[in-house]
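Asker: Got a predicted model here, sequence first, then my questions.
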Amino acid sequence: MTSFLTHRARVHDSFLPLHRRHSALRTCLTCFAPYGLRATYHHLTLSAAIPRRLEADPDALVRAVEELHEARVLWRARAEEYTAQRRAEKWAGRRAVANPRPWWLRSWWDGPHRAWYDAPFHHPSLRLPEYVRRQNAMLDGADLPGCPACGDERPPVSNSTGHGWVELCRGCAWVLAPCPCGQRHQVVPETPFNWNGIWRRAHMSDEGTPNAHWPAV
Ligand SMILES: [Zn+2]
Ligand SMILES: [Zn+2]
């Protein structure tokens, strides 16, 4: 059994202490996290309504790992197809990686989703399986409207880089038009955060609703 499935079973195990089940969720995220580890965790706290006090709703951890699992199944099916296709291409003498590069091989440093890494409360609001379905469809050549990541069709936000402008998706901060210098610039979060605070769900209430006072607390 893979590490993901072993740890998924631990998240489900109601005989384990809650903090162990919570750290098993983290291990699952190290295996698969379509928005990056920190942003995917942040997403799951909202979509599964994980309360600040885990005792208030232990099932929230199960909802979170099941959303992740559902997305992972979709990703694995597509990734296996891709591997088989690459193998066939190599047989036929085509060694270079085909364009477009599959979404799960995008570099965090150099990718248009760098903001999700730099400021983990920026990410699409799509449920993870929907995001994976959308990315797989685009890899298969679907021409979908709006932001490639989240489908948001509102006008972008322009951010100055000091020597030029980048245009970011209003919904998820995906880079729609890069800085003219060609570099990927770090995205400086407009609200300072610390990862420990997100990990302890300072942005959530005890009931599992978003904390209206975050990040001021
Ligand atoms: Zn977007
Ligand atoms: Zn630049």
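Answerer: Now that the structure is in, tell me what you want to look at. Ligands and ions are numbered 1, 2, ... in the order given.

Asker: Leaving out sequence neighbours, find the closest residue to the residue nearest the centre of the chain.
Answerer: The chain has Y35 as the residue nearest its centroid, 1.3 Å off, counting by Cα atoms, centre = their mean. In space, and not counting its chain neighbours, Y35 is closest to H123: 4.1 Å by Cβ to Cβ, 6 or more residues apart in numbering. Quick note: C-beta positions are derived from backbone N, CA and C, even for glycine.

Asker: Wait, that neighbour touches W116, no?
Answerer: Yes. Between H123 and W116 there is a contact at 4.7 Å, judged by Cβ atoms under 8 Å.

Asker: Quick check: chain neighbours aside, which residue is closest to L29?
Answerer: Closest residue in space to L29, ignoring its immediate chain neighbours: L37 at 5.1 Å, by Cβ to Cβ, 6+ apart.

Asker: what's the burial count for that neighbour?
Answerer: Residues lying near L37 (other Cβ atoms under 10 Å) number 17.

Asker: just to revisit the earlier point, find the residues that touch each one of H123 and W116.
Answerer: Overlap of the contact sets of H123 and W116 (by Cβ atoms under 8 Å, 6 or more residues apart in numbering) consists of Y35, G36, A39, C172, A173.

Asker: and which of the residues you listed is nearest to ligand 1?
Answerer: Distances from ligand 1 to the shared contacts of H123 and W116, taken as Cβ to the ion, are shortest for C172 (3.3 Å).
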